[in-house]
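Visitor: Okay, sequence plus prediction incoming.
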Amino acid sequence: MAEPVYVLGGYQTDFARNWTKENKHIMAMIREAVEGGLSETGIDPESIEVGHVGNFAAELYSMQGHLGAFLVDANPAFSGLPTARHEAACASGSIALLAASAEIEAGRYDTAMVVGVEQMKTVDPKTGGDYLGTAAWYEREAEGVDFPFPKLFGRLGDEYDKRYGLKDEHLAQISAVNYSNAKRNPLAQTRSWYMTEEHANSTDKFNSVIGGRIKVSDCSQVTDGAVALFLASRKGAEKYASQRGIDVDSLPRILGWGHRTAPIEFTTKVAESADNEYVLPHTRRAIVDAFERAGLSGVDDVDAIETHDCFTTSEYMAIDHFGLTKPGESWKAVEEGVIEIGGKTPINPSGGLIGAGHPVGATGCRQLLDAHKQVQGNAGDYQVDNAKTIATLNIGGSGTTSCCFIVGH
C-alpha cells in the first residue's frame, strides 16, 4: 500500500511584485519562497531529503535553465540535495508535486520540498505572449500570432457556444467574482484593482478585445511569483507533529489525484471530443480519477475548488467538468451564486489566476497551498466556512495537461 502524502504547509511570495523592476534574479524568488516556507512551517532544513522545481519557461523569460540546482543554493543545509525540474506548461507546478508525492508514496523519502516559480515580467507583453505560445503547438497554433492563448481559449468558448450556447454575460460574472475574491487576499496581484461585473461586460478602451470573444477582463494576469510547499510521509509527518505537540491526523493530506494529457493541438482536441458530452473529456477524466482515488462520490463531497481560470472560458469549462452542473449548463451555477464565497461550492476563493495572479510554473503549487490554508482554517478573509475537503485543477496548454488534487484530512 502506498505511503500517505501529508502537506505540511509552505509560503507564497506577493504576486503583485515586479521582480525585474526590483533588479532581482529568479534565484531571489526561489530563495524567498524557500526561506519563507521554512520559517512559516518551522521545518528543519536538514530534514529535507529531496527537492523538486516546477517551471515552464525560465530559459525564455530569464535565460536560465537547470533550476533544480538553484534549490541547493537556497540554504547551506541543501548541499548535495537530490533535485529535479519539471515542465508541463501552466501545469508545471502540479507535475512537480506529483513527482515529489510519488517518491514519498514509493518510500524513497520522508520529506520533500517543492518550489513552483515563474518570472514573467522580464519582457514586453507581445514577446511574453509569444513565449506562452510554446505551450501550444507553436509552429501550427502560435507562430506569427499575436497573443495566441487568448485566441485558443476564445475557441473553447466558441465550442461551448456551438454545442450548448454561451452568453458572454456569464463569463463577465466569473471575472467579477474572481476579482472580488482577490480583494480579500493580501497576496493577490489584483487586490487593489478596479473591476465590477458592469465593467467586465463592457467593451471599450479600458476593456478591449484581445482575441475572439476574450477581453482583458477575461484574462489571467502576467505575474512574477514563487511558492514553496513541503510534503511528508506518515513517518515524516509524525515527526513533524510530535515536535509541535499536535496530532498527526490534524495535518492535511493529498487524498487523491488525477493526471491526464490530451492531444496538444486544440483542433485535434475538439475533433476527438465531438461525440462526447464533455468538451474536454481528458480534463473530466483527471477530475473523476482524483475523486475515485480520494474515495469521494463526486463534487458534492468537496467544500471549495481552486481551478485554472487562465481565462473565464476555462473556469466555465471547469464548472460542468467538476459536475456542479450537467455538461453545457455551467451558466446555472454562475447565475445561482454556487461559485461565490458563501455559495454551495465556492470556486477560487483566493481570486484564482484572474484575481490572485498566474506565475505559470507556480500556479499548481499556489493552488495546493491555498487548499492547505482552507483545510487548516488559515485562509483569513477568504476562508470558506467549514472547509474540510478542497479540490484543485491545474491545466497546461489549451486543456492539454490536466492535474487535479483533493486535499483534506
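Guide: Received, thanks.

Visitor: Pull the contacting residues for Ala228.
Guide: Counting by C-beta atoms under 8 Å, 6 or more residues apart in numbering, Ala228 touches Gly10, Tyr11, Ala33, Val34, Gly36, Gly37, Leu38, Met113, Val114, Val115, Cys365. Every C-beta, even on glycine, is put in place using the N, C-alpha and C of the backbone.

Visitor: host element of it?
Guide: strand 225-232 (DSSP states H and E).

Visitor: Pull out the buried residues from the next helix or strand after that strand.
Guide: Sequence order places helix 234-244 as the next helix or strand after strand 225-232, per DSSP H and E. Within helix 234-244, the residues that qualify as buried by neighbour count (16 or more other C-beta atoms under 10 Å) are Gly236, Ala237, Glu238, Lys239, Tyr240, Ala241.

Visitor: can you check stretch 76-96 too?
Guide: 78, 81, 83-96.

Visitor: Now do the contacts for the residue lying farthest from the centre of the chain.
Guide: Ranking residues of the chain by C-alpha distance from their mean position (C-alpha atoms, centre = their mean) puts Gly245 at the top, at 31.9 Å. With contact set as C-beta under 8 Å, 6+ apart, Gly245 has no partners.

Visitor: quick revisit: ok, the contacts of Ala228 vs Gly165, which is closest?
Guide: Of all the contacts of Ala228, Cys365 has the smallest distance to Gly165: 35.9 Å, by C-beta to C-beta.

Visitor: That closest one falls within a strand, correct?
Guide: No. Counting by DSSP: H, G, I helix; E, B strand; the rest coil, Cys365 is not part of a strand but helix.

Visitor: Farthest pair within the contacts of Ala228?
Guide: Longest span within the contacts of Ala228, C-beta to C-beta: Leu38 and Cys365, 15.4 Å.

Visitor: Between these two, which is the more surrounded one?
Guide: Cys365 (31 against 21; other C-beta atoms under 10 Å).

Visitor: Arg293 is in contact with Arg253, isn't it?
Guide: No. With contact defined as C-beta atoms under 8 Å, Arg293 does not reach Arg253; the gap is 11.8 Å.

Visitor: more crowded one of these two?
Guide: Per other C-beta under 10 Å, whichever of Arg293 and Arg253 has more neighbours is Arg253, with 21 against 16.

Visitor: list the contacts for that one?
Guide: Arg253 neighbours (C-beta under 8 Å, 6+ apart): Pro4, Val5, Tyr6, Val7, Val407, Gly408, His409.

Visitor: So which of those residues wins on neighbours?
Guide: Val407 leads the contacts of Arg253 on contacts (other C-beta under 10 Å) with 30 neighbours.

Visitor: circling back to that earlier point, neighbouring strands - and their directions - for the strand holding Ala228?
Guide: Here strand 225-232 has these sheet partners by DSSP bridges: strand 6-12 (antiparallel), strand 111-118 (antiparallel).

Visitor: and of these, who's closest to Ala57?
Guide: Among the strands paired with strand 225-232, strand 111-118 sits nearest to Ala57 (C-beta to C-beta), with 7.5 Å.

Visitor: Downstream of that closest one, the next helix or strand is which one?
Guide: Counting by DSSP H and E, what follows strand 111-118 is helix 125-132.

Visitor: Distance from that next one to the middle of the chain?
Guide: From the chain centre to the centre of helix 125-132 is a distance of 20 Å (C-alpha atoms, centre = their mean, to the nearest Å).

Visitor: Report the next helix or strand after that helix in sequence order.
Guide: helix 148-163.

Visitor: Restrict that next one to CA atoms and write it as PDB.
Guide: Presented in PDB, the C-alpha positions along helix 148-163 are these (Å, rounded to 0.1, in the frame of the first residue of the first chain):
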ATOM      1  CA  PRO A 148      -2.200  33.100 -29.200                       C
ATOM      2  CA  PHE A 149      -3.600  31.800 -25.900                       C
ATOM      3  CA  PRO A 150      -6.500  34.200 -25.600                       C
ATOM      4  CA  LYS A 151      -7.500  33.200 -29.100                       C
ATOM      5  CA  LEU A 152      -7.200  29.500 -28.200                       C
ATOM      6  CA  PHE A 153      -9.300  29.800 -25.100                       C
ATOM      7  CA  GLY A 154     -11.700  32.000 -27.000                       C
ATOM      8  CA  ARG A 155     -12.200  29.000 -29.300                       C
ATOM      9  CA  LEU A 156     -13.000  27.000 -26.200                       C
ATOM     10  CA  GLY A 157     -15.900  29.400 -25.600                       C
ATOM     11  CA  ASP A 158     -16.900  29.200 -29.200                       C
ATOM     12  CA  GLU A 159     -17.100  25.400 -28.900                       C
ATOM     13  CA  TYR A 160     -19.400  25.700 -25.900                       C
ATOM     14  CA  ASP A 161     -21.500  28.200 -27.800                       C
ATOM     15  CA  LYS A 162     -21.700  25.800 -30.800                       C
ATOM     16  CA  ARG A 163     -22.700  22.800 -28.700                       C
END
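
Visitor: Pull the residues that contact it.
Guide: With C-beta under 8 Å, 6+ apart, helix 148-163 has contacts from 129-130, 132-133, 135-136, 141-142, 145, 166, 171, 210-214, 218-219, 266, 270, 279-280, 310-314, 316-317, 328, 330, 398-399.
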